[in-house]
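Q: How does the following fold in three dimensions:
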Amino acid sequence: MDNKNLSFIDRIRDSDIYFAFIKSPTAIVSTTILIIIFFSSFFVELIAPFNPFDPSSLDLMEAFTPPSWEEDGMSKFLLGTDGQGRDMLSTILYGSRISLIVGFAAILFSLILGVFLGLTAGYFGGKYEMIVMRITDVQLTVPSILMALLVDGIARGVISKELHDEMAIYVLIFAIGISEWPQFARVSRAATLVEKNKDYISASTIIGVPNIKIMFKHILPNILRPILVIGTIGLALAIIAESTLSFLGVGVPPTTPSLGTLIRIGNDFLFSGEWWITFFPAIFLVILAFSINLLGDWMRDTLNPKLN
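A: Below you'll find the predicted structure:
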C-alpha cells in the first residue's frame, strides 16, 4: 500500500524506529516508567491521596509517621509523613511536577537558543561563527552548576527578595537553560557544516531561496536526530541540576517544594531515625533520571545511521 494512503498510526507502526522500539525491552520498560511518572505528576490532583498544600488536611500529631509496613505506621500513609504531617507519597508527586516543569522548560530554552546559534553560525560562518564558538568554548570550561549558581546569585543581587521568591521558578529555568545551550550549539554547527555542502543546499542557493528558508526548512529538519538525543539526555541533567540547586537552597522556595527541596528537608532528619523523609524522594529522583537516560541511550543507538 502507498505510504500516502496510510494513517499516521500506520506510518508509525511501519517505521524502523517503532520496530526497534518493540524489540528493545530497555526502551519499553523505561518508556513505561516515564509515562507512569508523567501521568502521576501532571494529574496528581486525581491520583494523590492527600493535598500537602491544604493546611486543613494536615495534623501535626501525625508528623514523622513511618511507612505503613513499619511497626508504628498507618495504612493511609503508605510512605509515611514528614515533620509537618504531610503524606510523603502525595508530597513526592506534587514535588516531581515542579521538577519536571523546570526541567522541560530549561532544556527547551537551551535547545532553542543553542540550535539557533549553532545553525546560524555553521551556515553563515566568518567572524560571527568565530565569536559564537569562542563563547561556547569559554562557557564549556565552567561547570553548569556553577554557571547556574552564578546566574541565580546575580538575580538575587539585582531584584528584591520578595520578587525573587515570586520569580524563583523562572530564574531557575533561565539559570539552568543558559548553562546547557553550548552542547546544542556545537552539535548544530557541526551538523550544519555537513549539510550546507550538499547538492540540495547548493541548488536552493542557486535558484535564490532565502537563507532563512534554507536554514529552517531544509537544514534544520535534517539535523534534528542528534539534537533530540542530546535533548533527551539533557532533560535528565536539567532535572538533576534543578534538584541540586534546590538541595543547596537556591532553587524553588519551600512553599512550592521540588524533589531537591524535599531531599534537603529530609536530610535534616536523616540521623534522627526518620530516614523515609529523604530516602523516598531521592529514590524517585534516581528512577526518573535513570529512566530518561536509558531512553536517551536507546534513541542514540537507534537514530545513529552508522549503526543501522
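Q: residues near Trp275, how many?
A: For Trp275, the neighbour count with other Cβ atoms under 10 Å is 15. C-beta coordinates here come from the backbone N, C-alpha and C atoms, glycine included.
Q: Equivalent analysis for Ile240, please.
A: Residues lying near Ile240 (other Cβ under 10 Å) number 21.
Q: Would you pull up how far the helix or strand hosting it lies from the middle of the chain?
A: According to DSSP states H and E, Ile240 maps onto helix 224-247. In terms of Cα atoms, centre = their mean, to the nearest Å, the centre of helix 224-247 is set 4 Å apart from its chain centre.
Q: Ok, stretch 292-307 next?
A: Taking Cα atoms, centre = their mean, one finds the center of stretch 292-307 at 17 Å from the center of the full chain.
Q: Next: stretch 276-296.
A: 13 Å.
Q: Sort out which residues of that stretch are buried, please.
A: Along stretch 276-296, these residues count as buried under the neighbour rule (16 or more other Cβ atoms under 10 Å): 276-282, 284-285, 288-289, 291-296.
Q: Tell me which entries of those lie within strands.
A: Members of those lying in strands (criterion: DSSP state E): none.
Q: Take these and keep only those in helices.
A: When helices are assigned by DSSP state H, the members of the buried residues of stretch 276-296 inside them are 276-282, 284-285, 288-289, 291-296.
Q: Just the buried positions in the helix holding Ile240, please.
A: Within helix 224-247, the residues that qualify as buried by neighbour count (16+ other Cβ under 10 Å) are 225-227, 229-247.
Q: for stretch 189-200, same thing?
A: Residues of stretch 189-200 classed as buried under the neighbour-count rule (16+ other Cβ under 10 Å) are 189, 191-192, 195-196.
Q: out of those residues, which one sits closest to Ile131?
A: Top of the list for closeness to Ile131, among the buried residues of stretch 189-200 and by Cβ to Cβ, is Arg189 at 12.4 Å.
Q: Name all residues that make contact with that closest one.
A: Under the criterion of Cβ atoms under 8 Å, 6 or more residues apart in numbering, the neighbours of Arg189 are 118-119, 121-122, 129, 132-133.
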